[in-house]
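# Build me a model from this:
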Amino acid sequence: MSPKPLSLFSPGSKVRVVSFCGGCRLRGRMCSLGIFPGVELEVKRDCPLQVQVKDSTLILGKGAGDKILGIPIED
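Residues are numbered from 1 along each chain as shown. The predicted structure follows:
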């Protein structure tokens, strides 16, 4: 399955982050928030993009959501 941007996943989707399509500033910021390749998260809301990573709920801008690529996790 090919990765797609987080912003295209519907609420309730569980996603494994695969990579970033952004520069070092985006990668650094996301890693500091706990979002990095291999991490699993759940999309809670799509507008604004709200994700749950472990015990934290984060709201990401559309630009960040477009640049974080993930694949769905099969239950």
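
# Buried ones in stretch 13-32, by neighbour count?
S13, V15, V17, F20, G22, R27, M30 (16 or more other C-beta atoms under 10 Å). C-betas here are computed from N, CA, C, even on glycine.

# tell me the two of these that are most distant?
Distance extremes for those: the farthest pair is S13 and R27 at 22.3 Å, using C-beta to C-beta.

# Let's have the buried residues of stretch 13-32 in TSV, adding pLDDT and distance to P3.
Formatted as TSV, the buried residues of stretch 13-32 follow (pLDDT from 0 to 100; distance: C-beta to C-beta, whole Å):
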residue	pLDDT	distance to P3
S13	96	13
V15	97	9
V17	97	9
F20	95	10
G22	86	14
R27	93	15
M30	94	15
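
# Just the ones of these in strands?
V15, V17, F20 (DSSP state E).

# Skip the chain neighbours and tell me the closest residue to the first one.
Think V15. G70 (3.9 Å; C-beta to C-beta, 6 or more residues apart in numbering).

# Could you do E42 as well?
E42's closest residue in space is Q52 (C-beta to C-beta, 6+ apart), at 4.7 Å.

# does that neighbour count as helix, strand or coil?
Here Q52 is recorded as strand under DSSP: H, G, I helix; E, B strand; the rest coil.

# what sits against it?
L41, E42, K44, L58 (C-beta atoms under 8 Å, 6 or more residues apart in numbering).

# In the sheet, which residues pair with it? Tell me.
E42, T57 (DSSP bridges).
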